[in-house]
Structure formats: structure tokens, C-alpha cells
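Q: I'd like to go over a predicted model; first the sequence, then the structure.
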Amino acid sequence: IVETAKANSLEPYDYLLMVLSLLPGEGKSPSHETLECLMPWHPNAQGRGILRKKKN
């Protein structure tokens, strides 16, 4: 997960914080669509204000 965040130019800590904060609200079996929206390459994840771009 960390490497995927890095590959998508996101700060891994910020990405994990977002995912781990949002997932519990989705219940025991989140839908495929919900999980897809949390992927680091998805525009919804990329556009969230809490995610910083990785510094080179």
C-alpha cells in the first residue's frame, strides 16, 4: 500500500491516514466501487485536501 501511494506521488502517511479513517465507516464489506474510490490513482483520492504530494 505504501509503495502504491509513492508510485502515485502521494505521501504514504497521509494516504494511509485517509484510508484508515474512512474504511471503518463503510462497514464490514465495503462495495467494490467504494474500495475503488479509495485507491491512490482514483481522482477522488488524489483530489482530497488532506493528501499531500510526495516531495522528490
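A: Sure thing, it's come through.

Q: Could you report the pLDDT at the residue lying closest to Glu36 once chain neighbours are set aside?
A: Using C-beta to C-beta, 6 or more residues apart in numbering and skipping residues adjacent in sequence, the residue nearest Glu36 is His42, 6.2 Å away. All C-beta spots, glycine's among them, are computed from the backbone N, C-alpha and C. If you check His42, the pLDDT there is 86.

Q: can you give me the helices in the protein?
A: Along the chain, counting by DSSP state H, helices occupy 2-7, 12-22, 32-37, 43-46.

Q: just to revisit the earlier point, so how far is Leu22 from the residue nearest to Glu36?
A: Taking C-beta to C-beta, to the nearest Å as the measure, His42 falls 12 Å from Leu22.

Q: what's the answer for Ile1, then?
A: Distance of Ile1 to Leu22, computed by C-beta to C-beta: 14 Å.

Q: same deal with Asp14?
A: As judged by C-beta to C-beta, Asp14 and Leu22 stand 13 Å apart.
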